[in-house]
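Chemist: Quick one: sequence plus predicted model below, questions after.
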Amino acid sequence: MSSAPRPSVPASASASAAASAPAPAPFTADDYRARMDRAVRSAAEAGLDGVLVAPGPDLVHLTGYHPPADTERLTLLVLSVEHDPVLVVPTLEAPDAEQAAGAAALTLRDWTDGKDPYAVTAPLLDSNGRFAVSDNTWAMHLLALQQALPSTSYVSLTAALPMLRAVKDPAELARLEAAGAAADATYEEILRVRFSGRRETEVAAELAHLLTQFGHEQVDFTVVGSGPNGANPHHEAGERVIERGDTVVLDFGGLKHGYGSDTSRTVHVGDGPSAEEQRVHDVVREAQQAAFEAVRPGIACQDVDRVARAVITEAGYGDRFIHRTGHGIGVTTHEPPYMIEGERQPLVPGMCFSIEPGIYLPGRFGVRIEDIVTVTQDGGRRLNTTAREMAVVG
């Protein structure tokens, strides 16, 4: 990070509020029990006999348990239509699993090194059953289960139950709101730092510092795309020195209280933007606003994409909008539902997703504006509220 001093001006009201906001109450065993029950009901409605969940975001969502990320030992949550929830864990990890908030809502079944974990797991499954399996399940575990129970069959959890984590309960919404407020405070504070003459990596480090300062326990990304680099939507901040006259795409987020933030704004360095830069920004802002105004229960996810894309296409930049309009967010910063052509899943209250149209002119500049939105009973509500006009920075 640059050795330049941080601004001495008082923190913004949003920054002060984000920094002082109290932590939400922890999820309870009843919360996790309700999620597991909902997963079982959803599986039955989809004609499945159960759900098998390996370590990853689905396991965190359903149980609150974070097993070691690098272990090759079998850990598997078995949710069955016929039986109460069971978590199969290695014996050496059972003490940690017992401390998980959702442990009281399930039975632990442990296995020791040298024993066959699949022999422990197989009796928990219908020998002729069809199960949804979390997408990040290790192939060696799934193949071993198939060998132990050759008449079983498996489908991708995301394909079979894409909305498993999509609809947030009030406690989850509160966490997403807090994460959004922290990202907003980060944006308001980054406008106070110097851009001109600094490397993209230095501004990215400032963003990461501010996200952490405002309560993020995990920073997932800090995109700083200056000048021609802004035409790459997922540009990794590099050593390019930001110059006066540059348009800069900022896209950043991570996890606060276990739930995601993700916001994008585009700023201009030095004097005001050129007429073309302003026009492109205005088109993106209009597309983002139109897509937001389209949000309401019952419309298909693809309709949000269509509305944003229509505005950009009519303005003559259709071929320069090169990604989907949005993605879901929750315990990860990217998850179903996706706002993209072909996704016919209807919006329902409690869904949370990004709306982030963009225009990218290769070799020149890019513009993206992104807010997280939640579906309400009669429309949508933004979880990011910072100004969407193009800010001018030094």
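Modeler: Arrived safely, thanks for sending.
Chemist: what residues are up against V267?
Modeler: 191, 195, 247-248, 250, 390-393 (CB atoms under 8 Å, 6 or more residues apart in numbering). C-beta: built from backbone N, CA, C; applies to glycine.
Chemist: Which strand residues bridge it?
Modeler: Judged by DSSP bridges, the bridge partners of V267 are V248, A391.
Chemist: Show me where the stretch 1-150 of the chain dips below the pLDDT cut-off.
Modeler: Across the stretch 1-150 of the chain, the ranges flagged by pLDDT under 70 are 1-20.
Chemist: on that earlier part again, and the contacts of V267, which is closest to D84?
Modeler: L250 (47.3 Å; CB to CB).
Chemist: check contacts around D303.
Modeler: D303 touches A294, counting by CB under 8 Å, 6+ apart.
Chemist: got a pLDDT number for it?
Modeler: Here, the pLDDT recorded for D303 equals 98.
Chemist: Is it correct that it falls within a helix?
Modeler: Yes. Under DSSP: H, G, I helix; E, B strand; the rest coil, D303 falls within a helix.
Chemist: before we move on, the earlier item: farthest pair within the contacts of V267?
Modeler: L191 and T247 (14.6 Å).
Chemist: Kindly export stretch 302-319 (C-alpha atoms) in CSV.
Modeler: Output of stretch 302-319 as CSV, limited to C-alpha atoms (Å, rounded to 0.1, in the frame of the first residue of the first chain):
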residue,chain,number,x,y,z
GLN,A,302,-34.2,-13.6,-17.4
ASP,A,303,-36.6,-10.6,-17.6
VAL,A,304,-34.3,-8.5,-15.4
ASP,A,305,-31.5,-9.3,-17.8
ARG,A,306,-33.7,-8.5,-20.8
VAL,A,307,-34.7,-5.1,-19.4
ALA,A,308,-31.1,-4.0,-18.8
ARG,A,309,-29.8,-5.4,-22.1
ALA,A,310,-32.6,-3.6,-24.1
VAL,A,311,-31.5,-0.2,-22.8
ILE,A,312,-27.9,-0.8,-23.7
THR,A,313,-28.7,-2.3,-27.1
GLU,A,314,-31.0,0.6,-28.0
ALA,A,315,-28.1,3.0,-27.2
GLY,A,316,-25.9,1.1,-29.7
TYR,A,317,-23.7,-0.8,-27.2
GLY,A,318,-25.4,-4.2,-27.2
ASP,A,319,-22.3,-6.1,-28.3
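Chemist: coming back round to it: quick one: which of L191 and T247 has more around it?
Modeler: T247 (26 against 19; other CB atoms under 10 Å).
Chemist: I'd say the more buried one and P228 touch.
Modeler: No. Judged on CB atoms under 8 Å, T247 makes no contact with P228 at a distance of 9.7 Å.
Chemist: Please enumerate the shared neighbours of those two.
Modeler: F365.
Chemist: Buried ones among the contacts of V267?
Modeler: 191, 195, 247-248, 250, 390-391, 393 (16 or more other CB atoms under 10 Å).
Chemist: As TSV, these with pLDDT and distance to R175 would be great.
Modeler: Putting the buried ones among the contacts of V267 into TSV (pLDDT from 0 to 100; distance: CB to CB, whole Å) gives the following:
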residue	pLDDT	distance to R175
L191	97	26
F195	98	31
T247	98	33
V248	98	29
L250	98	23
M390	96	30
A391	97	28
V393	96	30
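Chemist: which one of the residues you listed is nearest A29?
Modeler: L250 (39.8 Å).
Chemist: which SSE is the closest one in?
Modeler: Per DSSP states H and E, L250 falls inside strand 247-256.
Chemist: chain center to that strand: distance?
Modeler: 12 Å (CA atoms, centre = their mean, to the nearest Å).
Chemist: Tell me the pLDDT of the closest residue to E335 other than its chain neighbours.
Modeler: Excluding the flanking residues, the one nearest E335 by CB to CB, 6 or more residues apart in numbering is G328, at 4.5 Å. pLDDT, G328: 98.
Chemist: what's near enough to touch G328?
Modeler: G328 sits in contact with 165-166, 334-338, 351-353, where contact means CB under 8 Å, 6+ apart.
Chemist: List the contacts of the residue most central in space within the chain.
Modeler: By CA atoms, centre = their mean, the chain has its centre lying nearest to T333, at 1.4 Å. Applying CB under 8 Å, 6+ apart to T333 gives the contacts 220-221, 253-255, 260-262.
Chemist: again, but for S274
Modeler: Contacts of S274 (CB under 8 Å, 6+ apart): none.
Chemist: quick one, domains of the chain?
Modeler: 29-160, 166-393 (automatic domain parsing).
Chemist: Any idea how far the last one is from the middle of the chain?
Modeler: Distance of domain 166-393 from its chain centroid, counting by CA atoms, centre = their mean, is 12 Å.
Chemist: Now do the end-to-end distance for it.
Modeler: Chord length of domain 166-393, first to last residue, is 37 Å (CA to CA, to the nearest Å).
Chemist: Same question for stretch 376-388: list its buried residues.
Modeler: 380, 382-384, 386, 388.
Chemist: I meant stretch 299-309, not that one.
Modeler: Under 16+ other CB under 10 Å, the buried positions of stretch 299-309 are 300-309.
Chemist: What of stretch 100-119?
Modeler: Quick answer for stretch 100-119 (16+ other CB under 10 Å): 100, 102-103, 105-106, 109-111, 117-118.
Chemist: sorry, back to before: please identify which of the buried residues of stretch 299-309 is nearest to R344.
Modeler: A300 (4.8 Å).
Chemist: which residues touch the closest residue to the closest one other than its chain neighbours?
Modeler: Nearest non-adjacent residue to A300, counting by CB to CB, 6+ apart: R344, 4.8 Å away. By CB under 8 Å, 6+ apart, R344 lies in contact with 300-302.
Chemist: pLDDT score assigned to R344?
Modeler: 96.
Chemist: ok, the closest residue to G326 other than its chain neighbours - contacts?
Modeler: Nearest residue to G326, sequence neighbours excluded (CB to CB, 6+ apart): M339, at 3.6 Å. Residues in contact with M339, defined by CB under 8 Å, 6+ apart, are 291, 301-302, 304-305, 324-327, 353-355.
Chemist: May I have the phi/psi pair for the residue of the chain most remote from its centre?
Modeler: Farthest-out residue of the chain from its mean C-alpha position, per CA atoms, centre = their mean: G114, at 38.0 Å. Per-residue torsions, G114: phi 100, psi -20 (degrees, to the nearest 10).
Chemist: Brilliant, that's me finished.
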